[in-house]
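Colleague: The sequence and its predicted three-dimensional model are supplied below.
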Amino acid sequence: MDIDEVLREKAPMIDNAIEKYLPRHFSERAFPFKLNPPRYSYNLEALNKAIAEPVWDLLDRGGKRWRPVLFLTICEALGKNPEDYLEFSIIPEVVHNGTLMVDDVEDGSELRRGKPCTHKLYGVDAAINAGNSMYYVPLLALRGRQERFSPEILRNVYEVYVEEMVNLSFGQAMDIAWHKGLAYADQIGELDYMQMCAYKTGALARMAAKMAAVLAGANNDLSTKIGNYAEAIGVAFQIQDDILDITSRDFAEKKGGKGQDITEGKRSLIVIHTLQVASTHDRKRLIEILNMHTQKQKLRDEAILLMEKYGSIGYSKKCAINMIQDSWIEIDPYLENSIAKMKLKSFADFLVKRNK
């Protein structure tokens with residue numbers, strides 16, 4: 001099954017759904033104003049310049065939109081018409097792009113998807129505020145749904161959102177602490193890294209999956225199992241991102257060159273494995289390069305060679321694949337055989353084997 005084609009096909013539909021809640025151009029007829037009209041004035045120019053423009057500048061750069069497609073695929077696998085759930089599927093996607101905007105400020109990044117980061121174009125203050133608005137605006141999709149969903153289901157969806165947003169902040173805190181030297185980064189192990197990813201990258205995949213399962217009427221046990229599968233997808237996606245950062249020139253050029261994670265001093269699974277198995281000399285040298293936060297490609301290439309020397313890239317790839325396979329075993333018996341189920345399984349395989 002060509003998941004890449006599925007993603008390309010669904011992306012325009014997802015963007016149209018996003019526009020309902022975060023319009024490209026605010027007008028007095030914008031949906032947020034229907035729910036909460038301003039008391040004094042609309043100030044449309046300010047909202048367009050400081051929210052709509054930076055938000056859509058980022059969204060129009062692309063992105064796979066795999067989280068909403070995962071959401072819709074789960075609805076379909078649970079026997080629902082995915083089109084009936086489209087507007088809810090945008091919640092984790094909009095939140096995800098908001099985190100990118102804020103993360104770029106926190107990391108001091110220069111490029112995002114091949115162009116200057118939002119804070120470079122619109123300023124740090126506008127980027128943080130626009131990013132924060134993306135955490136909350138898509139929740140408007142849940143307003144006024146009492147006729148369709150019970151209060152209990154809507155409450156459970158909100159609980160999923162709150163839990164995963166807390167997890168997201170915990171994951172980011174761990175990542176920042178490690179690459180900023182605020183914690184003992186060189187002593188962290190694989191399980192520490194996995195937990196960071198489960199919090200940070202796994203949170204929004206888990207949010208998408210559990211929201212879909214709850215809205216589709218799945219019980220708590222199945223919702224949890226589907227959430228765990230999505231978490232594995234998110235963690236494997238991050239591991240593959242880490243691999244592509246140091247192996248794919250096309251992927252890396254969008255971020256400013258191969259090894260940007262090395263410049264940021266990030267402790268990826270690849271780095272952690274190398275530090276665990278390397279000789280004392282090589283371990284010391286890799287730590288030294290990571291702590292330099294260097295922009296010099298020659299030094300980044302040296303670090304990459306050390307990771308290749310100890311087979312850490314292949315090791316990380318194998319971990320990602322095993323994680324996906326193990327988590328699929330957990331939900332396979334609970335889903336009826338269908339095209340949607342095949343698509344859900346192919347989805348994870350695509351994300352962990354992609355080359356861009």
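Modeller: Thanks, I have the structure now. Numbers count the residues shown, from 1 in each chain.

Colleague: Just the CA atoms of stretch 289-307, as PDB, please.
Modeller: Listed next in PDB are the C-alpha coordinates belonging to stretch 289-307 (Å, rounded to 0.1, in the frame of the first residue of the first chain):
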ATOM      1  CA  ILE A 289      32.300  17.600  19.700                       C
ATOM      2  CA  LEU A 290      28.800  17.500  21.000                       C
ATOM      3  CA  ASN A 291      29.600  20.000  23.700                       C
ATOM      4  CA  MET A 292      31.200  22.400  21.200                       C
ATOM      5  CA  HIS A 293      27.800  23.000  19.500                       C
ATOM      6  CA  THR A 294      29.900  23.500  16.400                       C
ATOM      7  CA  GLN A 295      28.600  24.600  13.000                       C
ATOM      8  CA  LYS A 296      31.700  23.300  11.300                       C
ATOM      9  CA  GLN A 297      30.800  20.500   8.900                       C
ATOM     10  CA  LYS A 298      34.200  18.900   9.200                       C
ATOM     11  CA  LEU A 299      33.700  18.300  13.000                       C
ATOM     12  CA  ARG A 300      30.100  17.100  12.500                       C
ATOM     13  CA  ASP A 301      31.400  14.600   9.900                       C
ATOM     14  CA  GLU A 302      34.000  13.400  12.400                       C
ATOM     15  CA  ALA A 303      31.200  12.700  14.900                       C
ATOM     16  CA  ILE A 304      29.100  10.900  12.300                       C
ATOM     17  CA  LEU A 305      32.100   8.700  11.400                       C
ATOM     18  CA  LEU A 306      32.400   7.700  15.100                       C
ATOM     19  CA  MET A 307      28.700   6.700  15.100                       C
END
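
Colleague: Could I get the full set of strands for the stretch 251-356 of the chain?
Modeller: Listed in chain order, the stretch 251-356 of the chain contains no strands at all (DSSP state E, counting those that start in this stretch).

Colleague: Now do the helices in it.
Modeller: Along the stretch 251-356 of the chain, the stretches classed as helices by DSSP state H, counting those that start in this stretch are 260-263, 269-277, 280-292, 297-309, 312-331, 339-353.

Colleague: so where is this protein shaky, pLDDT-wise?
Modeller: Segments of the chain classed as low confidence (criterion: pLDDT under 70) are 1, 250-256.

Colleague: Show the residue spans covered by the strands in it.
Modeller: Listed in chain order, the strands of the chain (DSSP state E) span 111-112, 115-116.

Colleague: quick revisit: kindly reformat the helices of the stretch 251-356 of the chain as CSV containing mean neighbour count.
Modeller: Just so you know, the C-beta spots here come from the backbone N, C-alpha and C atoms, and that holds for glycine as well. Written out in CSV, the entries for these read as follows (neighbours: other C-beta atoms under 10 Å):
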stretch, mean neighbour count
helix 260-263, 24
helix 269-277, 22
helix 280-292, 15
helix 297-309, 17
helix 312-331, 18
helix 339-353, 19
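
Colleague: To Leu215, which of these lies closest?
Modeller: Comparing the helices of the stretch 251-356 of the chain against Leu215 with C-beta to C-beta, the closest turns out to be helix 339-353 (15.3 Å).

Colleague: just checking, what packs against that closest one?
Modeller: Using 3 or more C-beta pairs under 8 Å, 6 or more residues apart in numbering; DSSP states H and E as the contact test, the elements touching helix 339-353 are helix 3-21, helix 66-77, helix 220-247, helix 312-331.

Colleague: list the helices and strands the second one packs on?
Modeller: The one in question is helix 66-77. Counting by 3+ C-beta pairs under 8 Å, 6+ apart, the packing neighbours recorded for helix 66-77 are helix 3-21, helix 86-107, helix 190-215, helix 220-247, helix 339-353.

Colleague: got the contact list for the last one?
Modeller: What it means is helix 339-353. Under the contact criterion C-beta atoms under 8 Å, 6 or more residues apart in numbering, helix 339-353 has outside partners 1, 3-4, 6, 66, 69-70, 73-74, 76-77, 229, 232-233, 236-237, 239-240, 317, 320-321, 324, 328, 335.

Colleague: what's the distance between Leu244 and Ala141?
Modeller: Look at Leu244 and Ala141: by C-beta to C-beta, to the nearest Å, they are 32 Å apart.

Colleague: the more surrounded of these two?
Modeller: Neighbours around Leu244 and Ala141, counted as other C-beta atoms under 10 Å, are more numerous at Ala141. The numbers are 22 against 18.
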